[in-house]
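S.K.: Build me a structure from this.
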Amino acid sequence: MRILLAISGGIDSMYLANRASELFPEASFAAAHCNFQLRGEESDGDERFVREWCAGHNLPLYVKRFDTAAIAAERGISIEMAARDLRYEWFGELCAANGFDALATAHNANDNAETLILNLLRGTGSRGLRGIADGRNLDSTVRILRPMVGISRKEIRKWMEANGCGWREDSTNRESVVKRNVVRNEVFPIFERINPKFVDTLNADIKRFSQVDDIADDYFLSVKDSVCDERGIRIDDILKLRHWEYVLWRFLEPCSFSQETFEKLTALMGRFAAEKRGTVTLGGKTFESPSHIVKALRGRLVISLRNPQER
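M.R.: Sure, this is the predicted structure:
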């Protein structure tokens, strides 16, 4: 198996680099480093460090520089999101061009706990309670592996220090500007005072949430075809389901509807069901998200793109 290691130079990715052969016995490796050019000399120092380490360990290395700020402005997204997109786009290209079977990243148990809290604060369905998957597909042929999701940042630092391994510190990690850093630097120390093992506790909860979500997913898949057809979701049929609100949420989940809009829709449907078409009507009602429209039409909820000619 040929694995591409995503190496930033930080403590987590250097732990991955140092222990790759233990984490993936019998695999062969190469490394990939992104220089996002966001921290001036510090970013270049990270690149030099990774180049020197890989040269000293006979590990093949791919490096790419990105004008991340310019690309973020061009795409109309945050710098953080641009960096993530650029990273995975390039990793996918590398894997396809060089025959790698998988990409390994250094996400750890703290990252997993942070993701859970951020998802909860943003508002999430049950899928957001799953945290970071320990593996998913980068594309149809390449798997993303996350062998460190069960390892805490404290354990990583302890091992690195005990074995005299070097790494680079990203100065922006100490700045509580992006939301993840606020959670990491300001919220998690409070959690630790309440429960010193809170990272383990949250990760155990994530496993249980994932199991519950699998059960819910099985339920959705078992009923979805009974309430919809090519013309839309049949209102009378979905309202017969005990958990119709959850099923409707799953239908609309990819459409980016706000919680407020979804609640307006379910409240109207609930009144429609309770009053048996008395004074409440659904026909012609329209609900919109940035990308989609749901319209009640002839006994169905019809989901469509807002601007299909542009998509």
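S.K.: the longest helix in the protein is where?
M.R.: helix 198-227 (DSSP state H).
S.K.: That helix - contacts with which helices or strands?
M.R.: helix 109-122, helix 188-194, helix 235-239, helix 244-252 (3 or more CB pairs under 8 Å, 6 or more residues apart in numbering; DSSP states H and E). Heads up, the C-betas are built off the backbone N, CA and C, glycines and all.
S.K.: Can you check what angle separates the last one from helix 198-227?
M.R.: Helix 244-252 and helix 198-227 are oriented at 90 degrees to each other (axes from the mean of the first three to the mean of the last three CA atoms, to 10 degrees).
S.K.: Report the distance from the helix or strand just after helix 244-252 to the chain centre.
M.R.: Next along the chain after helix 244-252, taking DSSP states H and E as the criterion, comes helix 259-275. Distance, stretch centre to chain centre, for helix 259-275: 29 Å (CA atoms, centre = their mean, to the nearest Å).
S.K.: can you pull the buried residues of the helix or strand that helix 259-275 is followed by?
M.R.: Note on helix 259-275: by DSSP H and E, the next helix or strand toward the C-terminus is strand 286-288. Buried residues in strand 286-288, counted by 16 or more other CB atoms under 10 Å: Phe287.
S.K.: So in this structure, where's the weakest helix or strand by average pLDDT?
M.R.: Least confident helix or strand of the chain, by mean pLDDT, DSSP states H and E, is strand 135-137 with a mean of 72.
S.K.: And the very next helix or strand once past it, what does it pack against?
M.R.: Under the assignment DSSP H and E, the closest C-terminal helix or strand after strand 135-137 is strand 143-145. The elements that strand 143-145 packs onto, with contact taken as 3+ CB pairs under 8 Å, 6+ apart, are strand 102-104, strand 135-137.
S.K.: average pLDDT for the next helix-or-strand element following strand 143-145?
M.R.: Using DSSP H and E, the helix or strand that directly follows strand 143-145 along the chain is helix 153-162. Helix 153-162 comes out with an average pLDDT of 98.
S.K.: what about helix 153-162, distance to the chain center?
M.R.: Worked out by CA atoms, centre = their mean, helix 153-162 lies 25 Å from the chain centre.
S.K.: Sort out which residues of stretch 165-179 are buried, please.
M.R.: Trp167, Arg168, Asp170.
S.K.: Find the centremost residue of the protein, please.
M.R.: Closest residue to the average C-alpha location of the chain: Ile132 at 6.2 Å, with CA atoms, centre = their mean.
S.K.: what's the helix or strand for that residue?
M.R.: Going by DSSP H and E, Ile132 is not in any helix or strand.
S.K.: Now do the contacts for it.
M.R.: For Ile132, the contact set (CB atoms under 8 Å, 6 or more residues apart in numbering) comprises His107, Asp111, Asn112, Thr115, Arg146, Val149.
S.K.: Likewise for Asn112?
M.R.: Gly131, Ile132, Val149, Leu202, Asn203, Ile206.
S.K.: mind redoing it with 6 Å?
M.R.: Taking CB atoms under 6 Å, 6 or more residues apart in numbering, we find Asn112 in contact with Gly131, Ile132, Val149, Asn203.
S.K.: Same question for Phe198.
M.R.: Here Phe198 is in contact with Phe191, Glu192 (CB under 6 Å, 6+ apart).
S.K.: what packs against the longest strand along the chain?
M.R.: When the chain is parsed with DSSP state E, its longest strand is strand 28-35. Secondary-structure packing of strand 28-35 (3 or more CB pairs under 6 Å, 6 or more residues apart in numbering; DSSP states H and E): strand 2-6, helix 41-56, strand 61-65.
S.K.: Now do the second one: which elements does it pack against?
M.R.: Read it as helix 41-56. strand 28-35.
S.K.: just to revisit the earlier point, between the helices and strands packed on strand 143-145, which one is closest to Arg19.
M.R.: strand 102-104 (10.7 Å; CB to CB).
S.K.: So for the closest one, mean pLDDT?
M.R.: Computed over strand 102-104, the average pLDDT equals 96.
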